[in-house]
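S.K.: after the sequence you'll find the predicted model.
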Amino acid sequence: MAHAEYTETFNALLKDTIPETPGIIRTLALRELRLAAREFFEKTFAWTAIINDVDGPAGKTDIVADDGEDNTKVIAVLGVAYGLTAVTRGGQLVPIGQKPTMDQTADASPQKFFVTSAPDHIQIFPYLKSAKTSFLDLTVALMPSWTATALPRQVTDLYYDAIIDGYLARVYKHPNKPYSAPLLATDHRKKFLASIGFYMAKRKQGFNNSQQWVFPGGWQVSRLGGNG
């Protein structure tokens, strides 16, 4: 099954919780499940994708990261790689916290990227003198969109328990309902937050125990010390 196939619907996930939430309104349950999934992925960056062959615009122009899927929202650009052709040496851009104070242009060798008006809007620096077609590959973090109806199966295979814990923590807090259970809500919330912390740490290590952070100059330190 291709990773891009959104086969796991929110409605199917809700069926698993029917015995635990008697009498809940379906539309309300769907909203709470979607909110739980959004919170989990927004805090962990655990759901990622690579957007290939993004054009590099000339000058101070935003690049908007969009994976072209209605079920998702890009919440962060985690990495940017560049290169013109298979034989042209490319590189990995270093993220920086804000726009550089200087203005500088380059032919085809940007070094850094920074967020502009929103987390899915970035610019690269030095700015390109001329536009480059299919110049960039973006690694992005995703979460379900407000109108999402489904998730990829591999996402729910990995994070099913966490999402359900987040959902039950929300609905059990509803007051004066047949399914209201404040103590259970607290228990599921603790499990949900523990899962967020666990997968947040995994994401920071690239899910392969790797060193992820780099110094502004571009060199990095390995997990065992020394220059990487």
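M.R.: The structure has been received and is ready for your questions. Numbers count the residues shown, from 1 in each chain.

S.K.: lowest average confidence, helix or strand, in the chain?
M.R.: One helix or strand of the chain scores below all others by mean pLDDT, DSSP states H and E: strand 105-106, with a mean of 76.

S.K.: what stretches of the chain score poorly on pLDDT?
M.R.: Scanning the chain for pLDDT under 70 picks out the ranges 1-4, 84-89, 108, 211-228.

S.K.: can you tell me the helix or strand for the residue positioned nearest the centre of it?
M.R.: When the chain is reduced to its mean C-alpha position, the nearest residue by Cα atoms, centre = their mean turns out to be residue 141, at 1.8 Å. Mapping residue 141 onto the secondary structure by DSSP states H and E places it in strand 132-144.

S.K.: which strands and helices sit next to that strand?
M.R.: Helices and strands touching strand 132-144, by 3 or more Cβ pairs under 8 Å, 6 or more residues apart in numbering; DSSP states H and E, are helix 26-44, strand 48-56, strand 72-82. (Each C-beta comes from the backbone N, C-alpha and C, glycine too.)

S.K.: want to throw the ones you listed into a markdown table with distance to residue 196?
M.R.: Formatted as a markdown table, the entries for the helices and strands packed on strand 132-144 read as follows, by distance: least, Cβ to Cβ, whole Å:
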| stretch | distance to residue 196 |
| --- | --- |
| helix 26-44 | 5 |
| strand 48-56 | 16 |
| strand 72-82 | 14 |
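
S.K.: now residue 44: how far from residue 50?
M.R.: 18 Å (Cβ to Cβ, to the nearest Å).

S.K.: among these two, which residue is more densely surrounded?
M.R.: When residue 44 is set against residue 50 and neighbours are counted by other Cβ atoms under 10 Å, the residue ahead is residue 44, at 22 against 12.

S.K.: gap between residue 174 and residue 18?
M.R.: From residue 174 over to residue 18 the distance is 16 Å, taken as Cβ to Cβ.

S.K.: nope, residue 125 is what I meant
M.R.: Taking Cβ to Cβ as the criterion, residue 125 is separated from residue 18 by 52 Å.

S.K.: now the lengthiest helix in the chain, how far from the chain's geometric center?
M.R.: The residue-count maximum for a helix in the chain (DSSP state H) belongs to helix 182-204. Here the centre of helix 182-204 is set off from its chain's centre by 18 Å, with Cα atoms, centre = their mean, to the nearest Å.

S.K.: which other helices and strands does it contact?
M.R.: Counting contacts by 3+ Cβ pairs under 8 Å, 6+ apart, the secondary-structure elements packed against helix 182-204 are helix 26-44, helix 153-171.

S.K.: let me see the domain layout of the chain.
M.R.: In the assignment given by automatic domain parsing, the structural domains of the chain cover 8-45+144-204, 48-143.

S.K.: as TSV, the ones you listed with distance to residue 210 would be great.
M.R.: Output for the domains of the chain, formatted as TSV (distance: least, Cβ to Cβ, whole Å):
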stretch	distance to residue 210
domain 8-45+144-204	10
domain 48-143	12
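
S.K.: rewinding a little: residue 121: which of the helices and strands packed on helix 182-204 is closest?
M.R.: Using Cβ to Cβ as the measure, helix 26-44 is the one of the helices and strands packed on helix 182-204 that comes nearest residue 121, at 16.9 Å.

S.K.: just the CA trace of that closest one, in CSV.
M.R.: Listed next in CSV are the C-alpha coordinates belonging to helix 26-44 (Å, rounded to 0.1, in the frame of the first residue of the first chain):
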residue,chain,number,x,y,z
ARG,A,26,-21.6,12.0,15.6
THR,A,27,-20.6,15.4,14.3
LEU,A,28,-19.3,16.4,17.8
ALA,A,29,-17.4,13.2,18.1
LEU,A,30,-15.8,13.7,14.7
ARG,A,31,-14.8,17.3,15.7
GLU,A,32,-13.2,16.1,18.9
LEU,A,33,-11.3,13.3,17.1
ARG,A,34,-10.0,15.6,14.5
LEU,A,35,-8.9,18.1,17.2
ALA,A,36,-7.1,15.3,19.1
ALA,A,37,-5.2,14.3,16.0
ARG,A,38,-4.3,17.9,15.2
GLU,A,39,-3.0,18.5,18.7
PHE,A,40,-0.9,15.3,18.6
PHE,A,41,0.8,16.0,15.3
GLU,A,42,1.1,19.8,15.9
LYS,A,43,3.1,19.1,19.1
THR,A,44,5.2,16.2,18.0
